[in-house]
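Participant: sequence and predicted structure below; questions after.
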Amino acid sequence: MYVLEQISSEVSSELKQLSPLQAPAIAWEKGNNLADLSTAFAFQAAKIYQKSPVAIAQFLAKKLSEKTNWLTFLPHERGFLNCNWQPEGIYQVLKQASEMGPEYGKRSKEPERKANIEFCSANPTGPIHLGNARGAAIGSVLANLLETLGWQVTREYYFDDYGTQVDAFVLSLEARYFQALGKPCQFPENGYQGQYVRDIANEVVQLQDHAILNKDSESRLAFFREYGLGKMLEQHRKTTSRMGIDYDAWVSQSSLDRDGWLVQVIQALEKRGVLFRKDGAVWFRSTQFGDDKDRVVIRSNDEPTYLAWDMAYHLNKRARGAKLLIDVWGPDHHGYVPRVKAFWQALGYEEADLQLLIYQMVHLFDKGAEVSMSRRSGDFVTLDEVLDTVGKDATLFLLVDRSLDSNMDFDLDLARQHSLSNPVYYVQYAYTRALALEREAAVREIEIPPPDPELCRIYTSSERNLVTMIAMMPEEILRAALTFSPMRIANYAKDLAGQFHAFYHDERVLGANPPDQAARLVLVRAVRIVLANTLAILGLSAPEHM
RNA sequence: GGGCCCAUAGCUCAACGGAUAGAGCAUCGGCCUUCUAAGCCGACGGCUGCGUGUUCGAAUCACGCUGGGCCCGCCA
């Protein structure tokens, strides 16, 4: 159990003696100029126990002082409970971080905790753009967070290889192919204008497979479908991999039909009596579950709608063992949420087991003007181009260092000019500095001792702030994951890095008198471990040199 | 017309309902003969869009305005 959790559990056991009522969860806050650590817990408890916050804070301070020597407790006159680290508490925190190393922050695996996170999932009708990439960054960090909490996570990419948009892509490809061969050909009205379609068409020309030309229209289109989608998916795999994301599963829409999921989900809904026929189509009575109108699932031409496919897909994910399903979607999907939730409810699943996360728009600016992210127009900047310009770590950090709910402006010019001021370097530099200290200590043949309660006596306030940050890290991960806010970890990383930079400037490490030097090296190593673990969760590299 | 999201320093953004609302960029001024200056310290900068309510306490919650982005198909 992590240090702060241990203290929290002491708090609950004390409160049990006060009242049989369930105590609220305790939340620790980092220190201020009054103390190393604090909590507003007494205010929340006051409501439940009908006692004054001050009385509760005083009661806790008294009881806890008798039970632990890790902290001293100072009840504030307004009701806050302020705490200061004692040598033994500092020792426990540093010991835990040093001994656990890369495991610090993690929790044990629970077999029933299986999650499936579907994110990015750009249609294979065009390259991944920055809008998709925001979903990729969010989903990937969320996956890392849940894994840290002991979940078994499947990172999944779902792609549509079926339907009118794919048909338009295939027809566009065929048209470009004919054009490349100099044959007159009408480009489809809803076609994809992008250069990448020409590029793939040119590749096909290079194949010089004249059999393609001689085939009948149907098998020629089948060829372009397979070849074109294959190429696009290969590109998507490469691009996401450049972002440091490796998917566990790539699931195609057509596989759902092949494997019978479409039929199964329709039957399941039929059995529940929530389907009806109208105007030659089959409808899902989603209004019964809070949607504002009923939705067609099978069109009058017998073709299933996207909703039907999506329902089949969710059934399929569940059947593959995931309890928690997370979908990370762009802002254009928000209107779609109620009908998916309706379906989930109609089949009797737990509401909390389906999390639909909607992130807001990314506006991309280049050379002073907004750049389109519409694939149809063909005039847009791809994620690969952004990665070329800005780099993987900086792009990832910019995308994740922002609440899902806020719109985001991404200015390529600024990114180019100020690439060095990207906060990601601030965090990475802190890691590099810590590592350099350890490296230099080794060169000077200074051994970094294991944490020791005696050494922990001498820490100053700025050093104890770092201890607080280290102690809070496991809880930060928990909060970030449970509230689906990957951004919190980015904030935590910046905060820890900032405190470390300040410490680095204030306190001489190597060459200080031996006890100070030893104590500081122990702290530096613990900070380095936590920074490394945090960078790993964010999917960022931890550079040895900068 | 209905729905989702946003509004905080000049700009980009933080802040589990908590104490004196914080960072970065920009502007100005300091700090490298000593562990990496991609850093540190300081100054400047705020009726947290407006109003009402809820309570020990509101940038945060509720309701109503104002302004902005997006979505409302038997497309995906």
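Facilitator: Good, I have the coordinates.
Participant: helices of the stretch 401-546 of chain A, start to end?
Facilitator: All helices of the stretch 401-546 of chain A, identified by DSSP state H, counting those that start in this stretch, fall at A:412-417, A:423-443, A:461-482, A:487-506, A:514-538.
Participant: rank those helices by pLDDT, which is bottom?
Facilitator: For the helices of the stretch 401-546 of chain A, mean pLDDT drops lowest on helix A:412-417, to a mean of 74.
Participant: quick revisit: need the helices of the stretch 401-546 of chain A in TSV with distance to residue A:95, can you?
Facilitator: Every residue, glycine included, has its C-beta placed from N, CA and C. Formatted as TSV, those follow (distance: least, C-beta to C-beta, whole Å):
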stretch	distance to residue A:95
helix A:412-417	42
helix A:423-443	17
helix A:461-482	11
helix A:487-506	19
helix A:514-538	9
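Participant: got those as CSV, with mean neighbour count and distance to RNA strand B columns?
Facilitator: Shown next, in CSV, are these (neighbours: other C-beta atoms under 10 Å; distance: least, C-beta to the nearest atom of the strand, whole Å):
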stretch, mean neighbour count, distance to RNA strand B
helix A:412-417, 14, 8
helix A:423-443, 19, 3
helix A:461-482, 21, 7
helix A:487-506, 19, 3
helix A:514-538, 22, 8
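Participant: so for residue A:452, which of those helices sits nearest?
Facilitator: With C-beta to C-beta as the measure, helix A:514-538 is the member of the helices of the stretch 401-546 of chain A nearest residue A:452 (7.7 Å).
Participant: the inter-axis angle of the closest one versus helix A:487-506?
Facilitator: Helix A:514-538 and helix A:487-506 are oriented at 160 degrees to each other (axes from the mean of the first three to the mean of the last three C-alpha atoms, to 10 degrees).
Participant: which neighbouring elements make contact with helix A:514-538?
Facilitator: Applying 3 or more C-beta pairs under 8 Å, 6 or more residues apart in numbering; DSSP states H and E, one finds that helix A:514-538 contacts helix A:87-100, helix A:130-148, helix A:392-400, helix A:423-443, helix A:461-482, helix A:487-506.
Participant: how about the residues of the stretch 151-300 of chain A by RNA strand B?
Facilitator: Contacts of the stretch 151-300 of chain A with RNA strand B, taken as C-beta under 7 Å from any atom of the strand, map to A:160, A:162-166, A:253, A:278-281, A:292, A:295-296, A:299-300.
Participant: inside strands: which ones of the residues you listed?
Facilitator: Mapping those onto strands (DSSP state E) picks out A:278, A:281, A:295-296.
Participant: derive a ChimeraX selection command for the buried subset of these.
Facilitator: Applying 16 or more other C-beta atoms under 10 Å to those leaves a buried subset, and the ChimeraX line that selects it is:
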select /A:281,295,296
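Participant: pull the most distant pair out of the ones in strands among the residues of the stretch 151-300 of chain A next to RNA strand B.
Facilitator: Taking C-beta to C-beta, the two most distant members of those are A:278 and A:295; they sit 11.4 Å apart.
Participant: quick check: neighbours shared by these two?
Facilitator: Common contacts of residue A:278 and residue A:295 (C-beta atoms under 8 Å, 6 or more residues apart in numbering): none found.
Participant: check contacts around residue A:331.
Facilitator: Applying C-beta under 8 Å, 6+ apart to residue A:331 gives the contacts A:358-361.
Participant: if we go to 6 Å?
Facilitator: By C-beta atoms under 6 Å, 6 or more residues apart in numbering, the residues touching residue A:331 are A:360-361.
Participant: repeat for residue A:110
Facilitator: So residue A:110 contacts residue A:150 (C-beta under 6 Å, 6+ apart).
Participant: kindly state the pLDDT recorded for it?
Facilitator: The model reports residue A:110 with a pLDDT of 88.
Participant: and it, how far from RNA strand B?
Facilitator: Separation of residue A:110 from RNA strand B (C-beta to the nearest atom of the strand, to the nearest Å) stands at 24 Å.
Participant: coming back round to it: what's the farthest-apart pair in the residues of the stretch 151-300 of chain A next to RNA strand B?
Facilitator: Farthest pair in these (C-beta to C-beta) is A:166 and A:292. Separation: 29.1 Å.
Participant: so for these two, which sits in the more crowded spot?
Facilitator: Neighbour totals were compared for residue A:166 and residue A:292, and residue A:166 leads with 20 against 9 (other C-beta atoms under 10 Å).
Participant: ranges for the strands of the stretch 1-150 of chain A?
Facilitator: A:29-30, A:37-39, A:71-75, A:81-85, A:114-118 (DSSP state E, counting those that start in this stretch).
Participant: a markdown table for those, including mean neighbour count and distance to RNA strand B?
Facilitator: Shown next, in a markdown table, are these (neighbours: other C-beta under 10 Å; distance: least, C-beta to the nearest atom of the strand, whole Å):
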| stretch | mean neighbour count | distance to RNA strand B |
| --- | --- | --- |
| strand A:29-30 | 16 | 6 |
| strand A:37-39 | 22 | 3 |
| strand A:71-75 | 19 | 9 |
| strand A:81-85 | 23 | 5 |
| strand A:114-118 | 23 | 14 |
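Participant: rebuild these as a markdown table, extending it with mean pLDDT.
Facilitator: Listed next are those as a markdown table, based on pLDDT from 0 to 100:
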| stretch | mean pLDDT |
| --- | --- |
| strand A:29-30 | 90 |
| strand A:37-39 | 93 |
| strand A:71-75 | 94 |
| strand A:81-85 | 94 |
| strand A:114-118 | 97 |
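Participant: of all those, which one comes closest to residue A:342?
Facilitator: Closest among those, using C-beta to C-beta: strand A:114-118, at 18.9 Å.
Participant: among the ones in strands among the residues of the stretch 151-300 of chain A next to RNA strand B, which one sits closest to residue A:338?
Facilitator: Checking these against residue A:338 with C-beta to C-beta, the nearest one is residue A:295 at 9.6 Å.
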